[in-house]
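Visitor: Provided below are the primary sequence and the corresponding predicted coordinates.
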Amino acid sequence: MKTSPLPKEPDALVAFAESIATALSEKQQLLGVATEIEAPLRAAIAPARFATDRYIAALAHAEKSPAGRSYLAEAKRRRDRSIEQLRRRVIRSIRHLCRLNQEELSPVLGRR
């Protein structure tokens, strides 16, 4: 079975994805890449964060309300799906960066 070094917790994965997107934004010219990597990554972060917040809200109200309990399973399913989509986008972004040859990365890494 394959193992992934990516964070397993949703909040940690979102934070990791945001740090990658920020680094891509800051190093965009240096890496020689346009927004084709950063934009889809940021587009995957937003629904993951929203779905996580919605699940937490449903979880908090599930104890108080029978109607809240009825939404809990659907909120969890949507959160899990959006987190999995974010995980795939992070992996794709990292793979894209790995495809850059060493000459393109040398200035970023500080090598000559």
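Guide: Yep, that arrived.
Visitor: buried set for the biggest helix by length in the chain?
Guide: Looking across the chain with DSSP state H, the single longest helix is helix 66-99. For helix 66-99, a neighbour-count test (16 or more other Cβ atoms under 10 Å) marks 68, 71, 75, 78-79, 82-83, 86-87, 89-90, 93, 97 as buried. In this view, the C-beta of every residue, glycine as well, is placed from N, C-alpha and C.
Visitor: what's the answer for stretch 33-49, then?
Guide: Under 16+ other Cβ under 10 Å, the buried positions of stretch 33-49 are 33, 37-38, 41-42, 44-45, 47-49.
Visitor: How about residues contacting that stretch?
Guide: Residues from elsewhere that reach stretch 33-49, judged by Cβ atoms under 8 Å, 6 or more residues apart in numbering: 10, 13-14, 17-18, 20-21, 24-25, 28, 79, 82-83, 85-86, 89-90, 92-93, 96-97, 100.
Visitor: Report the inter-axis angle for the one helix or strand Ala43 maps to versus helix 66-99.
Guide: Per DSSP states H and E, Ala43 falls inside helix 38-62. Using axes from the mean of the first three to the mean of the last three Cα atoms, to 10 degrees, one finds that helix 38-62 and helix 66-99 are set 160 degrees apart in direction.
Visitor: coming back round to it: kindly reformat the buried residues of helix 66-99 as JSON lines and extend each row with pLDDT and distance to Ala58.
Guide: Formatted as JSON lines, those follow (pLDDT from 0 to 100; distance: Cβ to Cβ, whole Å):
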{"residue": "Gly68", "pLDDT": "74", "distance to Ala58": "6"}
{"residue": "Tyr71", "pLDDT": "87", "distance to Ala58": "5"}
{"residue": "Ala75", "pLDDT": "92", "distance to Ala58": "4"}
{"residue": "Arg78", "pLDDT": "96", "distance to Ala58": "10"}
{"residue": "Arg79", "pLDDT": "96", "distance to Ala58": "9"}
{"residue": "Ser82", "pLDDT": "96", "distance to Ala58": "14"}
{"residue": "Ile83", "pLDDT": "96", "distance to Ala58": "15"}
{"residue": "Leu86", "pLDDT": "96", "distance to Ala58": "19"}
{"residue": "Arg87", "pLDDT": "95", "distance to Ala58": "22"}
{"residue": "Arg89", "pLDDT": "94", "distance to Ala58": "24"}
{"residue": "Val90", "pLDDT": "93", "distance to Ala58": "25"}
{"residue": "Ser93", "pLDDT": "87", "distance to Ala58": "30"}
{"residue": "Leu97", "pLDDT": "78", "distance to Ala58": "36"}
